[in-house]
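Q: Fold the following for me, if possible:
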Amino acid sequence: MLTNLFRSADALIEHASRLVGMAEQAYFFRKMDAVDRVADLLLKLPLPPKYLSAAVYFKAISVARLGTGDTAEAKSLFERVAEHGAGPHKARAFLALGTFPGLDGDTDSESRFYAEAARASLSSDCNDPFTVVHSRKMMAVLKGMDGDHRGSLNDLEGLLPLARAIGAAYPQSFCDVLNSYAVELAGAGRTQEAGNVSRIVVSSRFASAYPEWHETFQEVEEKRAATTIAVVQPPTPAITPSNVLHLPLGRTGAKSVKTKSRHQILSYSEWKQRADQTKMKQAWRDAVVTNEPDNVLRAEAFEVIGPDGEVRGSFRSAGGKTMLSMSGGKLSIGMVVADDGTAEMGIIDRSEAAVASGREKRISLGIHPDPENGQCSTGLVVSAQRSDSRFEIALDGPEETPLITLYGPKGRKRMQLLALSNGKSVIRFYDRKERMKTELLVEDFNQIESLMSSTKLRLSRSRANS
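A: Numbers count the residues shown, from 1 in each chain. The predicted model follows:
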């Protein structure tokens, strides 16, 4: 019976934790009716003080209705949690209490509440990074309201890494900090950067619940338009020389020439937002929140993400080389093109049978131009990989290119067949350290066939004896 009691208590705590998470999500989307229903459910359960504090806190949130409800009752509930509560919502209650003197213009009292919220959030009982971020953000906002935009920007820029770190659990918090950052950038006259940051905020999935974010974006755009300087170049009159004789036979009717439009420049941030919602999102945001005058980059590197989240293709251009790779189904294809015209392409069999058996089939094609004689040399390599050996066949290579190469365990070269320019061939055998120990000159292919047969026979006998 005691065991069942403990199990029931654990199940109750787990249920309460889920309800608190539901209330937080509803609050982030500002669905106050849902917050009120979850708070009532929590208040009816026999819960520890930590969860009761959360229940009273969310009840106060629903009563306040974002400032349009019964603010007096909401303030009383927040004070109750701040004085007698436990857990992270005790610190959040101090954070909420700071908004009430702010409505009356008492910024000193407001700042003290935020400082107390920051102190409480760092205690062992609370340990709430959400309150740390928002209390520091509000203190930076108050500094900007006093006219110290530079100091406010410094505080917000120092807060961005922490806000980004908790963005996985509280994505709304990161957008809220970015919105304040955009406001201060615009206040400091950096309207171009403010517009870039604000554009990210209004594209968030939470933006529909936060009209103040859209107001920030509109204000920033108006400031950008006001600071834009239009330069108009006066038309240059056409000058017709008087000493030029125009022959009627050579004159043709005027033809409209279609001007070539410049290629589209891809916005790296917008592309990244559409292509990848789960990977590298923080790195993308880092690229946007910069001091660059214009956040438009040429797409010199990108990846194609499949529906399963795996990388299906990539394109990179760096160091004088352009690399393209694609994978899907049973094959993987890669291509490298250098500025000097050298090109290499490879195809690899990635089928389940090949992977399971440890046998990998690979085809490689290389093109190498020779600028001295204006010709190109091509090479085709077909290889078969087993778990302990690899077999390669090369065709159309330059002089003394190995036609056949056999690799033993650990990828060590054991035998090579090379073609010489005089029509003869050479077979070289190597020891385990890849040192050549035997070289045979072969006159014709019949001799090669007999040598290969004898070599195969010797290898078979040695394996049987071992």
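
Q: and residue 418, which of the three is it?
A: strand (DSSP: H, G, I helix; E, B strand; the rest coil).

Q: Now do the SS call for the nearest residue to it once chain neighbours are set aside.
A: Excluding its sequence neighbours, the residue lying closest to residue 418 (C-beta to C-beta, 6 or more residues apart in numbering) is residue 426, at 4.8 Å. Where you see a C-beta, it was placed from the backbone N, CA and C, and this is true even at glycine. Assigned by three-state DSSP, the conformation of residue 426 is strand.

Q: what sits against residue 426?
A: Residues near residue 426 by C-beta atoms under 8 Å, 6 or more residues apart in numbering: 417, 418, 420, 439, 440, 441, 442.

Q: and the first one, how far is that from residue 430?
A: For residue 417, the distance to residue 430 under the criterion C-beta to C-beta, to the nearest Å works out to 13 Å.

Q: For the two, list the residues in contact with both.
A: By C-beta under 8 Å, 6+ apart, no residue touches both residue 417 and residue 430.

Q: Helices along the stretch 51-200 of the chain, start to end?
A: Along the stretch 51-200 of the chain, counting by DSSP state H, counting those that start in this stretch, helices occupy 71-84, 88-97, 99-103, 107-121, 129-145, 149-165, 171-187, 191-202.

Q: Show me what the third one is packed against.
A: In this case it means helix 99-103. In terms of contacts (3 or more C-beta pairs under 8 Å, 6 or more residues apart in numbering; DSSP states H and E), helix 99-103 is packed against helix 107-121.

Q: And the contacts of the helix it packs on?
A: Defining contact as C-beta under 8 Å, 6+ apart, one finds that helix 107-121 is touched by 88, 90-92, 94-95, 97-99, 101-102, 126-132, 134-136, 138-139, 142, 145-146.

Q: ends of stretch 408-424, how far apart?
A: 26 Å (C-alpha to C-alpha, to the nearest Å).

Q: I'd say residue 413 and residue 429 touch.
A: No - using C-beta atoms under 8 Å, residue 413 and residue 429 do not qualify as a contacting pair, with a distance of 9.9 Å.

Q: okay, the two: which has more neighbours?
A: The neighbour comparison of residue 413 against residue 429 (other C-beta atoms under 10 Å) goes to residue 413, with 19 against 15.

Q: mind listing what the more buried one touches?
A: 405, 406, 407, 430, 434.

Q: how about a cut-off of 6 Å?
A: Applying C-beta atoms under 6 Å, 6 or more residues apart in numbering to residue 413 gives the contacts 407, 430, 434.

Q: okay, those in TSV with pLDDT next?
A: Listed next are the contacts of residue 413 as TSV, based on pLDDT from 0 to 100:
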residue	pLDDT
407	72
430	82
434	79
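
Q: Top of those by number of neighbours, please.
A: residue 407 (21 neighbours).

Q: Tell me how far it lies from residue 415.
A: 9 Å.

Q: SS state for residue 336?
A: strand.

Q: did I read that right, residue 404 in a strand?
A: Yes - applying three-state DSSP, one finds residue 404 inside a strand.
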